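Turn this into a structure:
(chains A and B)
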Amino acid sequence: MNVVVCVKQIPDPAGTMKLDQSSHNLVREGKLILDESDSYGVEMGLQLAEQAGGGEVTLVSMAPNSETSGLRTALAMGAARAILVSDPGLAGTDALGTAKVLAAAIKRAEPDLILTATESTDGYTGTIPAQIAELLGMPSVTFSKKVTISGDNVTVERQTEEGYEEVEVPLPAVLSVTAGVVEPRYPSFKGIMAAKGKPVDELKVTDLGIDGSAVGASGARQEVTAVTPAEARKAGEIVTDDGDGFQQIISYLERIKVI
Amino acid sequence: MALNTIWVVVDRSGDKVASVALELLTKARQVAGTVEAITWGDASSIAGQVGAHGATALHTVGDTGGGLAGPPVAAAIAAKISSGTAPDAIFLAQSYNGRDIAGRLSARIDRPVLTNVVNLAEADGGLVSEHAIFGGTEILNARFTADLPGIYVIRAKSFGAEESGGGPAAVDTWEVPELGATGAARVVASHVEETAGPKLAEAAVVVSGGRGLGDAGSYKLIEDLAKLLKGAPGASRAIVDAGWVPYSHQVGQTGKTVKPTVYIACGISGATQHMVGMKSAKNIIAINKDQEAPIFNIADLGVVGDVKKVLPQLIEALQKRG
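Prediction:
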């Protein structure tokens, strides 16, 4: 069973994120890391390939400046190879353009199963899994919290507003998996060393047969008209609990007439 | 009116219309002359409610035959558009089904999407969307430069739901083109995980717990306090991911958006993904050991202390009041 896991390499969310003043794109300078949301898909892909008794996990990523730091983390976890699409013409690409690029790259790997996160940590559009599935002409199950493979079928527990539903889907299919679906492994020292030698196939937009006008800022066909600071909430009262913190809460609840 | 026609995708669970759908219908009729609704399954049972919120027509793609809503709804809308009946905009909820439909529709008709929309304003004969970014500290406005229709995926509770006094929407059925492999997923069972008491998304009081609780067993403190205040228990993503509580309790970016009278955050540091789901609460009370926790920046009352000490005292005092 061959699995493709789509992974995003993002600026460290623990740092300060900012938008470029003129392009309004998220600033992606410096080292990028593997989006933690994607580590669950990587782990699940590795487990499913193992359970199926063979097959490989191929990573597919789109990132600026031939960035591979995040990919190396996932390769160190055990993925076999990566396809990286990196092209200056991709700056400002929106979700649909990204899905076009990822779908074209995924096709090269001819996978049985495609895994993604439900959304990225930095952009959180959350439409790319369904967009990829539609572009590839495949079924999809989003928000998968449990995945079981039996032969050519997958049974998925998919989150709903009230709980979850059990969904059966034939392969090949696209699944978006939630954080917490599996426990991502830490790369071993051996894994980290091995990752340095694993193949990363770097492609440009033209290699994928995609028209340059479908991607980048012009392909996005949307524009930011303004970015302004949000109205800040009025600063509240901060007290330190010296054994009477609960009294402060009771007084506040009385004041707003909740009790 | 900035726009002629808006189509609103009406998300539902059985015969129950999602409250966000009524919010979207209300906003749509404020900015467009004609509002039409699109749903799946039986339409007659919800035509009254949908019509009362401003839609003149309710189109259904019919029974999905156990399939998910995304592929048939997206395909039917795309077919209507390619046959020459296009609206100016399509509104969908930032829900599980809403995102599936929006994603597939976007790919089918080759139009971009604007997601996580929290407000819409008319400008220059079109719509400008508003998005809360970086945990709600900055507001970003955007608009499409693409050909119509624009696809807007809108967060719950961005608008109020108000009735228009309209009669039942006229019901008809939209044909679904052959879906091929895209429609192959089948729902074989559904499970409900809601707890007793008010629903999280609708409760006037929400008490949420986070990693500061220390262990799964301590979540009982959250449930007890919520019950005493006639509220609903919620959770941060961290403890849902850790398996302490079911996902249906999650408040935040990928979970529920809540707008209660009071939100009590217990042992929650306030990651941006959490704050986006609760920062519109009228009152915010936070209890956290770390006085540097970002949640204190938006709290009306912040108590720097251990939730495992403060909560039992608070529960006991409330129980004494009866």
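
Specify the local secondary structure of the most centrally placed residue in chain B.
Closest to where the C-alpha atoms of chain B average out (C-alpha atoms, centre = their mean) is residue B:156, at 3.3 Å. Of the three states, residue B:156 takes coil under DSSP: H, G, I helix; E, B strand; the rest coil.

ok, it touching residue B:19?
Yes. The pair residue B:156 / residue B:19 is scored as a contact, 7.3 Å apart, by C-beta atoms under 8 Å. In short, each C-beta sits where N, CA and C put it, glycine included.

between the two, what contacts are shared?
residue B:201 (C-beta atoms under 8 Å, 6 or more residues apart in numbering or on different chains).

For chain A, which segments count as strands?
A:3-6, A:9-11, A:32-34, A:57-62, A:81-85, A:113-117, A:140-150, A:153-159, A:163-170, A:173-177, A:200-203, A:222-229, A:237-240 (DSSP state E).

Nearest to residue B:239, out of those strands?
Closest approach to residue B:239 among the strands of chain A (C-beta to C-beta): strand A:140-150, 14.8 Å.

So in terms of bridging, what pairs with residue A:113?
Beta bridges link residue A:113 to residue A:3, residue A:173 when assigned by DSSP bridges.

show me the contacts for it.
A:1-4, A:45, A:48, A:149, A:154, A:171-173, A:175.

Switch the residues you listed over to CSV; also include pLDDT and neighbour count.
Putting the contacts of residue A:113 into CSV (pLDDT from 0 to 100; neighbours: other C-beta atoms under 10 Å in any protein chain shown) gives the following:
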residue, pLDDT, neighbour count
A:1, 92, 19
A:2, 96, 18
A:3, 98, 27
A:4, 98, 30
A:45, 97, 30
A:48, 96, 22
A:149, 94, 18
A:154, 97, 24
A:171, 97, 17
A:172, 98, 21
A:173, 98, 25
A:175, 98, 28
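
Of those residues, which is the nearest to chain B?
residue A:173 (7.3 Å; C-beta to the nearest C-beta).

how far away is that closest one from residue B:74?
Separation of residue A:173 from residue B:74 (C-beta to C-beta, to the nearest Å): 16 Å.

If you average the pLDDT over stretch B:20-34, what comes out?
When pLDDT is averaged along stretch B:20-34, the result is 97.

One more: stretch B:144-154?
95.

ok, and does that stretch reach over to chain A?
Yes. Stretch B:144-154 lies within reach of chain A by C-beta under 8 Å from any C-beta of the partner chain, at B:144-146, B:153.

Give me the buried entries from the residues you listed.
B:144, B:146, B:153 (16 or more other C-beta atoms under 10 Å in any protein chain shown).

Adding secondary structure as columns, could you present those residues in TSV?
Below are these laid out as TSV (three-state DSSP):
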residue	secondary structure
B:144	strand
B:146	coil
B:153	strand
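
Go through these and name the one nearest chain A.
Of these, the one sitting nearest to chain A (C-beta to the nearest C-beta) turns out to be residue B:146, at 3.4 Å.

Next, the contact list for the closest one, please.
A:221-222, B:111-112.

Check these and tell me the two furthest apart.
A:222 and B:111 (9.9 Å).

Find residues that contact each of those two.
B:144, B:146.

so which strand or helix has the residue nearest to the residue nearest to the centre of chain B when sequence neighbours are not counted?
Among residues not flanking residue B:156 along the chain, residue B:20 sits closest, at 4.1 Å (C-beta to C-beta, 6 or more residues apart in numbering or on different chains). Using DSSP states H and E, residue B:20 sits within helix B:19-31.
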